[in-house]
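J.: I'll drop the sequence and a predicted model, then ask my questions.
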Amino acid sequence: VVKFTVPLPLLILIILIIRGAFLDGARDGVENYLIKWDGSRLNDPDIWTRAIGQVFFSLGVCMGVMTAYSSHNSKTKTNVAMSEKAISLSDTGIALLGGFAIYEVLGHMQW
């Protein structure tokens with residue numbers, strides 16, 4: 001079951017990105033996502049507070065799993081630090097891909 005349910009959300013996300021790329025106005029949405037953002041907002045501490053909150057929310061579920069994973073490490077000798085980095089980078093990559101899917105549709109809705 002896990003071999004099917006784990007990659008399924010990523011497959012659906014990729015399908016949504018491909019489908020969204022063919023919508024009218026999707027390019028405008030992606031431009032707003034990547035190019036036309038307001039850099040002056042980076043000085044606002046509220047933005048950083050919300051971003052850090054999102055990171056903890058996104059990775060918070062995983063920290064309990066990592067604790068359980070590390071308790072069984074004596075059998076597998078897996079490098080938990082490298083696994084943690086891979087999970088964090090994967091989470092960031094999936095979030096960026098999700099942004100593409102969302103902004104393609106928003107560009108279409110604005111068009």
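T.: Ah, there it is.

J.: Next up, the contacts around the residue positioned nearest the centre of the chain.
T.: In the chain, the centroid-proximal residue (CA atoms, centre = their mean) is residue 95; its distance is 1.5 Å. Going by CB atoms under 8 Å, 6 or more residues apart in numbering, residue 95 touches residue 58. All C-beta atoms are positioned from the backbone trio N, CA, C, and that covers glycine.

J.: Tell me the confidence at it?
T.: For residue 95, the model assigns a pLDDT of 90.

J.: again, but for residue 74
T.: Residue 74 carries a pLDDT value of 67.

J.: ok, now residue 71?
T.: On the pLDDT scale, residue 71 gets 68.

J.: For the lengthiest helix in the chain, buried residues please.
T.: Longest helix in the chain by number of residues (criterion: DSSP state H): helix 80-110. Judged by neighbour count (16 or more other CB atoms under 10 Å), helix 80-110 contains these buried residues: 84, 87, 100-101, 103-108.

J.: Find the residue ranges of this protein scoring beneath the pLDDT cut-off.
T.: For the chain, applying pLDDT under 70 flags the ranges 62-63, 66, 69-74, 76.

J.: Can you list the residue ranges for helices in it?
T.: 2-5, 7-21, 26-34, 45-71, 73-76, 80-110.

J.: May I have the third one exported as CSV, CA atoms only?
T.: What follows is helix 26-34 as a C-alpha-only set of coordinates in CSV (Å, rounded to 0.1, in the frame of the first residue of the first chain):
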residue,chain,number,x,y,z
ALA,A,26,-0.8,30.6,-16.5
ARG,A,27,2.4,32.4,-17.6
ASP,A,28,1.3,35.6,-15.9
GLY,A,29,0.7,33.6,-12.7
VAL,A,30,4.1,32.0,-12.8
GLU,A,31,5.7,35.4,-13.5
ASN,A,32,3.9,36.8,-10.4
TYR,A,33,5.2,33.8,-8.4
LEU,A,34,8.8,34.0,-9.5
